[in-house]
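J.: have a look; sequence and predicted model below, questions after that.
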Amino acid sequence: IPPADIIAGSPNGWRIGPDGAGNCSLWGSKAKWERKGKRQKGKAKMARQSVSVIATVYNEGTAIARLLDSLAAQSRLPDEVVICDGGSADDTVAIVRSYGDRLPNLRVIVEPEANISRGRNLAIGAANGPVIAATDAGVRLDPAWLERLVVPFEDGRNAAAVAGFFLPDAHGVFETAMAT
């Protein structure tokens, strides 16, 4: 598999090209936006898009700091972070809330028994940004992850979605076995 290919959807079909990041997640647009700026090489330059990062968690107390530290270290910080917790019995929610000073507009939704799909839907519904980046607690994001993923939304390609793969951040024998 080539490293970090992205797929950018457009009204004219799908384009594939490397974004250079070590890990990517699904992106989608919640709303359409107007083209702004002068045309350059057949594309309109887009304004900076507001981006919401969402994730679902459940009993991730031992792993959530890796994700949150990597989000706080992004070269382009998210405009908001929405985490949906499925009713963790450990210290996951407290750890997430402790990052409020490092991450702009961090919000935690606690929805007992919410599975990954329900949690993602709740987080997306609570997000304010027109562009959503989804990730998971078991990853450490490349420092330029968000900056690189937002490019197709800001450079005039009319992207509807961007997707890719991630490299697992496995710790221990069990996680390493599950990641391979």
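T.: Great, that's in hand. Numbering: from 1, shown residues only.
J.: quick check: end-to-end length of stretch 58-77?
T.: Start and end residues of stretch 58-77 are separated by 24 Å (CA to CA, to the nearest Å).
J.: going forward, the N-terminal residue is numbered 231.
T.: Taking 231 as the first residue, the last one we looked at is stretch 288-307.
J.: now do that stretch: everything it contacts.
T.: Stretch 288-307 is contacted from outside by 281, 283, 285, 287, 308, 311, 315-322, 325-326, 329, 332-334, 365-377, 380, 399, 401, using CB atoms under 8 Å, 6 or more residues apart in numbering. Glycine gets a C-beta too; all of them are placed from N, C-alpha and C.
J.: where does the protein have low pLDDT?
T.: Applying pLDDT under 70 to the chain flags residues 231-276, 394-399, 405-406, 408-410.
J.: now for the longest helix anywhere in the chain, which elements pack on it?
T.: Of all the segments of type helix in the chain, defined by DSSP state H, the longest one is helix 346-356. Packing partners of helix 346-356 (3 or more CB pairs under 8 Å, 6 or more residues apart in numbering; DSSP states H and E): strand 281-287, strand 310-315, strand 336-340, strand 361-366.
J.: possible to save those as JSON lines with mean neighbour count and distance to N351?
T.: What follows is those, written out as JSON lines (neighbours: other CB atoms under 10 Å; distance: least, CB to CB, whole Å):
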{"stretch": "strand 281-287", "mean neighbour count": "26", "distance to N351": "10"}
{"stretch": "strand 310-315", "mean neighbour count": "25", "distance to N351": "9"}
{"stretch": "strand 336-340", "mean neighbour count": "18", "distance to N351": "11"}
{"stretch": "strand 361-366", "mean neighbour count": "21", "distance to N351": "11"}
